[in-house]
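Enquirer: Below is the sequence, then the predicted model.
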Amino acid sequence: MLTWQLKHFKELSGTELYNLMRVRQEVFIVEQNCPYLDADGKDIYCQHLIGYVDGEIAAYARIVPPHVSYNEPSIGRVITTVKYRTGGYGKLLMQKAITETINTYGAVDIRIGAQLYLKKFYESFGFLQQGDVYDEDGIDHIIMLRRP
């Protein structure tokens, strides 16, 4: 069973922060073979949504306030860990992240920078591509926008 925890950066314990950064590195740096600076200075402004199964991180996303990444609020660093990718946790994570973004900022546009191969996944939540494909750290990305 998936349980959720939503905490602002300053509410995270050292252990919680360590665990979510470890998971982000496992997926975005090691698994995707993409060396980049994950600690980008934005985390301190964000809420961190963590989905646990039996005390283990199964899903994670950060909710970025307006004017940090984009003019609109954003959802980023979206992860379902390898062990939990077949349980539909990615869909549950995005639904929860959208709900929490709306609960925090109201019925506003949400802008994301998405890996191109996940375009259809994000479209299923109402996000639409804005602009051309761009390269970020060797991976094709697109900007996507979800209107209320």
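Expert: Received, thanks. Numbering: from 1, shown residues only.

Enquirer: those helices in the chain, which residues are they?
Expert: For the chain, helices defined by DSSP state H occupy the ranges 14-24, 89-105, 119-123.

Enquirer: Just put those helices in a markdown table and tack on distance to Arg62.
Expert: C-beta here means a position set from N, CA and C on the backbone, and glycine is covered the same way. Formatted as a markdown table, the helices of the chain follow (distance: least, Cβ to Cβ, whole Å):
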| stretch | distance to Arg62 |
| --- | --- |
| helix 14-24 | 9 |
| helix 89-105 | 9 |
| helix 119-123 | 16 |
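
Enquirer: if we compare the ones you listed, which one ends up closest to Gln129?
Expert: helix 119-123 (6.6 Å; Cβ to Cβ).

Enquirer: Give me the helices and strands touching the closest one, please.
Expert: Contact partners of helix 119-123 among helices and strands, from 3 or more Cβ pairs under 8 Å, 6 or more residues apart in numbering; DSSP states H and E: helix 89-105, strand 139-146.

Enquirer: Between those, which one is closest to Ile44.
Expert: helix 89-105 (16.2 Å).

Enquirer: for the closest one, the distance to its chain's centre please.
Expert: Centre-to-centre, helix 89-105 and its host chain are 10 Å apart (Cα atoms, centre = their mean, to the nearest Å).

Enquirer: Now do the buried residues in it.
Expert: Within helix 89-105, the residues scored as buried using 16 or more other Cβ atoms under 10 Å are 89-90, 92-94, 96-98, 100-101.

Enquirer: Closest one to Pro65 out of the residues you listed, please.
Expert: Proximity of the buried residues of helix 89-105 to Pro65 (Cβ to Cβ) peaks at Thr101, which lies at 9.6 Å.

Enquirer: where does that closest one land on pLDDT?
Expert: Among the per-residue scores, Thr101 shows a pLDDT of 98.

Enquirer: ok, now Gly138?
Expert: Listed pLDDT for Gly138 reads 86.

Enquirer: So which of the helices of the chain is nearest His48?
Expert: The nearest among these, by Cβ to Cβ, is helix 14-24 at 6.2 Å.

Enquirer: Residues touching that closest one, excluding its own?
Expert: Helix 14-24 has contacts (Cβ atoms under 8 Å, 6 or more residues apart in numbering) with 7, 9, 12, 38-39, 48, 50, 57, 60, 77, 79, 81.
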